[in-house]
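Q: only the shape, not the letters, is given here:
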């Protein structure tokens, strides 16, 4: 595969992502709350829920909610929270917060809390995190070495090249290490990430 740096400045087609979602696709409330916390901090004058067309204003961390609502909300928050950046870069920055949001939940602490500052353990079990976060799509982890992994995503139209890259960067960064993430995108729902770090 030809891996390259993610294109955070490329246009993000929200409607195309929404059209690719399967019926009944859900994600967890913790990610809505994380996005809303960013909006309250960085864009307090914007009614992001109204602009996104999302009626609900509060969420239970591990309860399921429509992914379509989350994609709309994330797109709006990314635009307003970082108005001087491309939407893709804003989604990336929003993704940086996802691992902490997951880890702050009871189940997140059970699944990943024991891994502490070991990025290889987090990477090795990453597919479980996505599996618990969404009820659709597939993630496979390929371990190439103690500090070199590849994640293969399929049937997951959830801002793979922007927000999900940010999720990976944020998870590794939580261990005190900066990772390099390269991507090979086949379409907006299928992508492979090549993740490596020094050490």
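A: Cool, got the structure. None of the values given here were measured: they were computed from a predicted structure. Numbering: from 1, shown residues only.

Q: need the helices for this structure, in chain order.
A: Per DSSP state H, the chain carries helices over the ranges 14-20, 29-42, 48-52, 67-81, 87-95, 98-103, 106-112, 119-124, 126-133, 165-173.

Q: check the offset of the fourth one from the chain's centre.
A: When you say that, I think you mean helix 67-81. Centroid separation between helix 67-81 and its chain, computed with CA atoms, centre = their mean, to the nearest Å, is 12 Å.

Q: same check on the first one?
A: Going by CA atoms, centre = their mean, the spacing between the C-alpha centre of helix 14-20 and its chain's C-alpha centre is 16 Å.

Q: same check, this time on the fifth one
A: Mean-position distance between helix 87-95 and its chain equals 9 Å (CA atoms, centre = their mean).

Q: coming back round to it: between the helices of the chain, which gets nearest to residue 151?
A: Minimum separation from residue 151 across the helices of the chain (CB to CB) falls at helix 126-133, 6.3 Å. For glycine as for every other residue, the C-beta is placed from the backbone atoms N, C-alpha and C.

Q: report the buried residues of that closest one.
A: Under the neighbour-count criterion of 16 or more other CB atoms under 10 Å, helix 126-133 has 126, 127, 129, 130, 133 buried.

Q: thinking again about what came up before, what's the closest of the helices of the chain to residue 157?
A: Comparing those by CB to CB, helix 14-20 comes nearest, at 3.8 Å.

Q: what is the closest one packed up against?
A: helix 67-81 (3 or more CB pairs under 8 Å, 6 or more residues apart in numbering; DSSP states H and E).

Q: ok now the lowest-mean-pLDDT helix or strand in the chain, how far from the chain's centre?
A: Least confident helix or strand of the chain, by mean pLDDT, DSSP states H and E, is helix 106-112 with a mean of 73. Once both centres are worked out by CA atoms, centre = their mean, helix 106-112 turns out to sit 17 Å from its chain's centre.

Q: what's the answer for stretch 65-78, then?
A: Using CA atoms, centre = their mean, the offset of stretch 65-78 from its chain centre is 11 Å.

Q: tell me the mean pLDDT for it?
A: Per-residue pLDDT values over stretch 65-78 give a mean of 98.

Q: next up, the contacts around the closest residue in space to residue 179 that isn't next to it in sequence.
A: Of all residues not flanking residue 179 in the chain, residue 172 sits nearest, at 3.9 Å (CB to CB, 6 or more residues apart in numbering). Counting by CB atoms under 8 Å, 6 or more residues apart in numbering, residue 172 makes contact with 119, 122, 123, 178, 179, 195, 197.

Q: about what we covered before: any chance of the buried residues of helix 126-133 in JSON lines, plus distance to residue 104 and pLDDT?
A: Formatted as JSON lines, the buried residues of helix 126-133 follow (distance: CB to CB, whole Å; pLDDT from 0 to 100):
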{"residue": "126", "distance to residue 104": "17", "pLDDT": "91"}
{"residue": "127", "distance to residue 104": "20", "pLDDT": "94"}
{"residue": "129", "distance to residue 104": "13", "pLDDT": "91"}
{"residue": "130", "distance to residue 104": "17", "pLDDT": "95"}
{"residue": "133", "distance to residue 104": "13", "pLDDT": "94"}
